[in-house]
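**Student:** no sequence for this one, just the structure:
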């Protein structure tokens, strides 16, 4: 595992320490790892959403408007 030094504003550090003290995280490293995972995951969803928008604009997307349409589409895969 790698070690990284970061600089934080006092308020952000205090808020992080409060989360640790409340038991949400076992350590500051645990908090940072979780935050990074969430940012990376959100970024991936943003990329997929952008790709879907581009496919809609190009007329390449399949637009499903109801649960039965979703079921039918999944069955066809």
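**Tutor:** Perfect, I can see it now. Treat the numbers as computed from the prediction; the structure is a model and nothing was measured.

**Student:** what's near enough to touch residue 34?
**Tutor:** Taking C-beta atoms under 8 Å, 6 or more residues apart in numbering as the criterion, residue 34 is in contact with residue 25. (C-beta placed from N, C-alpha, C; glycine too.)

**Student:** Relative to residue 65, how far out is it?
**Tutor:** Note on residue 34: its distance to residue 65, by C-beta to C-beta, to the nearest Å, is 36 Å.

**Student:** what about the helices in this protein?
**Tutor:** 10-21, 28-58, 67-76 (DSSP state H).

**Student:** Check which helices and strands the first one is in contact with.
**Tutor:** When contacts are defined as 3 or more C-beta pairs under 8 Å, 6 or more residues apart in numbering; DSSP states H and E, helix 10-21 packs onto helix 28-58.

**Student:** now the helix it packs on, how far from the centre of its chain.
**Tutor:** Here helix 28-58 is found 4 Å from its chain centre; the criterion is C-alpha atoms, centre = their mean, to the nearest Å.

**Student:** chain center to stretch 67-77: distance?
**Tutor:** 26 Å.

**Student:** re the thing from before, next, format the helices of the chain as JSON lines and append distance to residue 4.
**Tutor:** Below are these laid out as JSON lines (distance: least, C-beta to C-beta, whole Å):
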{"stretch": "helix 10-21", "distance to residue 4": "15"}
{"stretch": "helix 28-58", "distance to residue 4": "8"}
{"stretch": "helix 67-76", "distance to residue 4": "42"}
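
**Student:** Of all the ones you listed, which one comes closest to residue 3?
**Tutor:** helix 28-58 (9.0 Å; C-beta to C-beta).

**Student:** Many thanks, we can stop here.
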